[in-house]
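K.L.:
I'll drop the sequence and a predicted model, then ask my questions.
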Amino acid sequence: MIIRSAEFVISNTDVQKCPAPNCPEFAFIGRSNVGKSSLINTLTNQKSLAKTSGKPGKTQLINHFLINKEWYLVDLPGYGYAKTSKSNRKKWGNFIEEYLLTRENLYTTFILLDSRLEPQKIDLEFMTWCAENQLPFSMVFTKTDKLSRVALQKNLAAYKKVMLKDWEELPPLFTTSSVSGDGKEAVLQYIQELIDTV
Ligand code: GTP
Ligand code: MG
């Protein structure tokens, strides 16, 4: 897919105020600091379309970006950010869950996972929640520039092993780096395929 334009549209905690659901939408979610906003910038060839930070908890809202005047890309706040208060975390849960469960034009969600880590309980729980709610998703491993190919394969194998204990098949899986651009074309091509076929 060629990115011809990428524009910020609106930020929200109110699902009702998100843009009219009149075109395909793809959301990016995952733990705080996993690299959601960075990957969005890499995918769209932008430096700072989505705000990034070395500190977790940067993205706090549902952010809509219109790509090629044709589909929405959505940057979501991270989960598992310990420094946010309990009530804030609950609020997070509420509006993100509402968004994921009710957004009718959401084609799929990309769940970002840090490729340097072993399978994390919070990520496995979130993927289980998506599956239970019949929300389609892909696994996107981030920051692959930070580890060796061997270490990456080892971590992917560990994830596959845990998931196949409970599930018959794995969701689509991507490996990415916002630094090297690795995996960018594969993700964009997948988005294009879904736009063309759904
Ligand atoms: P929140 O909005 O806080 O939930 O975080 P986020 O998931 O949007 O993460 P963000 O994109 O802000 O990136 C967090 C940190 O990781 C930043 O310091 C980025 O520069 C760094 N980072 C993100 N992606 C990569 C990557 O592919 N490689 C490397 N080396 N660093 C990355
Ligand atoms: Mg962010």
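P.N.:
Structure received. Ligands and ions are numbered 1, 2, ... in the order given.

K.L.:
so what does the helix or strand that contains E7 touch, helix or strand wise?
P.N.:
Taking DSSP states H and E as the criterion, E7 maps to strand 6-12. Where contact means 3 or more Cβ pairs under 8 Å, 6 or more residues apart in numbering; DSSP states H and E, strand 6-12 is packed against strand 62-67. (C-beta placed from N, C-alpha, C; glycine too.)

K.L.:
so what's the closest residue to T108 other than its chain neighbours scoring on pLDDT?
P.N.:
Nearest residue to T108, sequence neighbours excluded (Cβ to Cβ, 6 or more residues apart in numbering): P136, at 4.6 Å. Listed pLDDT for P136 reads 97.

K.L.:
Test my guess that P136 contacts F110.
P.N.:
No - using Cβ atoms under 8 Å, P136 is not in contact with F110; the gap is 10.4 Å.

K.L.:
In terms of neighbours, single out the busier of the two.
P.N.:
F110 (26 against 14; other Cβ atoms under 10 Å).

K.L.:
Okay, now the sheet partners of the helix or strand hosting that one, with direction.
P.N.:
Secondary structure assignment for F110, by DSSP H and E: strand 106-114. According to DSSP bridges, strand 106-114 forms sheet pairs with strand 25-30 (parallel), strand 137-142 (parallel).

K.L.:
Could you find the closest non-adjacent residue to the closest residue to ligand 1 within the chain?
P.N.:
Proximity to ligand 1, evaluated over the chain using Cβ to the nearest ligand atom, is greatest for G78 at 2.6 Å. Among residues not flanking G78 along the chain, S32 sits closest, at 3.1 Å (Cβ to Cβ, 6+ apart).

K.L.:
ok, now which ones touch that neighbour?
P.N.:
For S32, the contacting residues are P56, G57, K58, P77, G78, Y79, G80, Y81, by Cβ atoms under 8 Å, 6 or more residues apart in numbering.

K.L.:
Do you know the pLDDT at the third one?
P.N.:
At K58, the model reports a pLDDT of 73.

K.L.:
Over to it. Which of the three states is it?
P.N.:
coil (DSSP: H, G, I helix; E, B strand; the rest coil).

K.L.:
dump the residue contacts of it.
P.N.:
So K58 contacts S32, S37, K51, T52 (Cβ under 8 Å, 6+ apart).

K.L.:
Produce a ChimeraX select command limited to the buried residues of these.
P.N.:
In ChimeraX, this line selects whichever of the contacts of K58 come out buried by 16 or more other Cβ atoms under 10 Å:
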select :32,37,52
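
K.L.:
Relative to A20, how far out is the residue positioned nearest the centre of the chain?
P.N.:
Centroid check for the chain by Cα atoms, centre = their mean gives F28 as the closest residue, at 2.1 Å. Between F28 and A20 the distance is 21 Å, computed by Cβ to Cβ, to the nearest Å.

K.L.:
For the residue sitting furthest away from the middle of the chain, give me phi and psi.
P.N.:
Within the chain, the residue lying farthest from the chain centre (Cα atoms, centre = their mean) is V150, at 24.4 Å. Torsion angles at V150 (phi, psi; degrees, to the nearest 10) stand at phi -70, psi -50.
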